[in-house]
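> Predicted model and sequence below, questions to follow.
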Amino acid sequence: MRSKLFVPASRPELFDKAMASEADALSFDLEDAVAPARKQAAREALAAWLASPAFEAGQARHAKKIIVRVNADDSPHFAGDLQALGGLPIDMINLPKVEHAAALQASVDQAIAAGFAGEFLVTVETPRALVRAAELAEAHPRVAGLQLGLADLFEPLGVDRYQPETLRAVMLSLRLGAGCAGKYAMDAAYARVGDAEGFRAEARLARSLGFLGKSCVHPSQIAIANEVFGFDADEVEQARRIVAASRRHEGVGAFLLDGKMIDAPFVRRAEDVLRAVGAAA
């Protein structure tokens with residue numbers, strides 16, 4: 001999931017275009033991008049499209065991960081979102097504004113009871129949630145990862161959202177929290193659509209801190225995210241060599257490869273790279 005494109009669920013004219021994009025995942029938004037008066041219409045439009053032959057045909061061609069960002073569990077719209085989504089071909093529900101593990105567990109259980117069979121992506125977008133990132137990642141087995149939400153985290157506190165030093169500290173905190181439970185971390189959206197180099201720099205920072213991919217709010221950002229979070233031929237070949245060498249040294253705790261000491265963490269990372277690109281070891 002190198003790139004995850006946000007698509008307002010209230011804009012059905014964009015659905016087929018998003019499906020035809022190069023994004024690895026589509027995140028249909030029922031929350032912030034949809035005005036309260038349009039929530040029900042957005043649910044109905046999204047549900048109709050997900051149940052349509054056009055979606056089935058598009059998914060057969062493009063194989064997207066389908067995500068829906070629902071409204072917060074303490075909002076009057078949460079139950080209606082779950083009711084509308086039950087039984088539809090959705091891979092993941094994105095739960096926003098989560099702060100407490102107990103509330104997260106209850107939300108997941110409620111979604112499962114409504115007929116949702118996929119995984120959950122939890123957005124960390126408040127100071128309390130950031131402090132509790134590890135607890136949220138460990139709250140339920142079907143939580144697949146944590147996602148950073150910088151606007152809600154920074155704007156109320158007057159924190160400059162584009163300061164690299166600040167971003168690094170927050171990104172690392174989230175990544176370590178997710179790592180406590182063996183879950184992945186997804187980077188936040190970048191609102192300056194016209195600033196391609198700024199988006200690239202932020203994506204590179206996230207990649208250097210072990211993030212899986214980045215959210216996109218415009219199709220022009222997709223190619224950059226795919227490039228930054230992808231693996232080049234040299235990385236894949238090195239991963240293949242590490243895994244092959246680990247098999248030759250089975251039963252040995254650590255071994256030398258190209259003058260570098262390799263042990264279990266390096267092997268696990270190499271295996272992750274090969275899985276990500278679908279390469280054989």
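Happy to help now that I have it. Numbers count the residues shown, from 1 in each chain.
> okay, and for this protein, where does confidence drop off?
Filtered on pLDDT under 70, the chain yields the residue ranges 279-281.
> Which parts of it are strands?
For the chain, applying DSSP state E gives strands covering 3-8, 25-29, 65-69, 92-95, 119-124, 143-148, 184-187, 213-216, 255-257, 260-262.
> Can I get these in a markdown table including mean neighbour count?
(C-beta placed from N, C-alpha, C; glycine too.) Shown next, in a markdown table, are those (neighbours: other CB atoms under 10 Å):
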| stretch | mean neighbour count |
| --- | --- |
| strand 3-8 | 24 |
| strand 25-29 | 24 |
| strand 65-69 | 23 |
| strand 92-95 | 24 |
| strand 119-124 | 25 |
| strand 143-148 | 24 |
| strand 184-187 | 24 |
| strand 213-216 | 26 |
| strand 255-257 | 14 |
| strand 260-262 | 12 |
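> Which among these is found nearest to residue 136?
For the strands of the chain, the distance to residue 136 is smallest for strand 119-124, at 5.4 Å, taking CB to CB.
> okay, that closest one in CSV with CA atoms only?
Output of strand 119-124 as CSV, limited to C-alpha atoms (Å, rounded to 0.1, in the frame of the first residue of the first chain):
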residue,chain,number,x,y,z
GLU,A,119,-9.2,-5.3,8.7
PHE,A,120,-9.0,-2.0,10.5
LEU,A,121,-6.8,1.0,10.0
VAL,A,122,-6.7,3.4,13.0
THR,A,123,-6.0,7.0,12.6
VAL,A,124,-3.9,8.6,15.3
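> neighbouring contacts of it?
For strand 119-124, contacts defined as CB atoms under 8 Å, 6 or more residues apart in numbering pick out 67, 69, 91-98, 104, 108, 111, 130, 133, 136-137, 139-140, 142-149, 153, 174, 177, 186.
> and with 7 Å instead?
For strand 119-124, the surrounding residues in contact (CB atoms under 7 Å, 6 or more residues apart in numbering) are 67, 91-98, 104, 108, 130, 133, 136, 142-149, 174, 186.
> mind checking how far that strand is from the chain centre?
Strand 119-124 sits 8 Å away from the centroid of its parent chain (CA atoms, centre = their mean, to the nearest Å).
> Show the end-to-end separation of stretch 248-259, please.
End-to-end distance for stretch 248-259, by CA to CA, to the nearest Å: 16 Å.
> hmm, back to that, turn the strands of the chain into TSV, including distance to residue 223.
Below are the strands of the chain laid out as TSV (distance: least, CB to CB, whole Å):
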stretch	distance to residue 223
strand 3-8	8
strand 25-29	15
strand 65-69	18
strand 92-95	23
strand 119-124	22
strand 143-148	21
strand 184-187	16
strand 213-216	10
strand 255-257	33
strand 260-262	33
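> Any idea which of those gets closest to residue 245?
So among the strands of the chain, strand 255-257 is nearest, using CB to CB, at 5.1 Å.
> by contact count, what packs against that closest one?
Applying 3 or more CB pairs under 7 Å, 6 or more residues apart in numbering; DSSP states H and E, one finds that strand 255-257 makes contact with helix 233-248.
> what residues does the helix it packs on touch?
255, 257, 262, 266-267, 270-271, 273-274, 277, 279, 281.
> Would you mind listing the buried residues in that helix?
Neighbour counts using 16 or more other CB atoms under 10 Å place 236, 238-240, 242-243, 245-246 of helix 233-248 among the buried residues.
> just how off-centre is that helix within its chain?
How far helix 233-248 lies from its chain's middle: 26 Å, per CA atoms, centre = their mean.
> now, the most widely separated pair of the contacts of helix 233-248?
Farthest-apart pair in those is 255 and 277; separation 23.8 Å (CB to CB).
> measure residue 153 to residue 99 for me?
Taken as CB to CB, to the nearest Å, the spacing of residue 153 relative to residue 99 amounts to 12 Å.
> shared neighbours, the two?
Contact criterion CB under 7 Å, 6+ apart; residues shared by residue 153 and residue 99: residue 126.
> Would you agree residue 159 is in contact with residue 169?
No: in this structure, residue 159 is not within contact of residue 169 by CB atoms under 7 Å, at 10.6 Å.
> In this protein, mark out all the helices, start to finish.
All helices of the chain, identified by DSSP state H, fall at 15-19, 39-50, 53-62, 78-85, 101-113, 127-131, 133-137, 150-154, 164-180, 196-208, 222-229, 233-248, 264-277.
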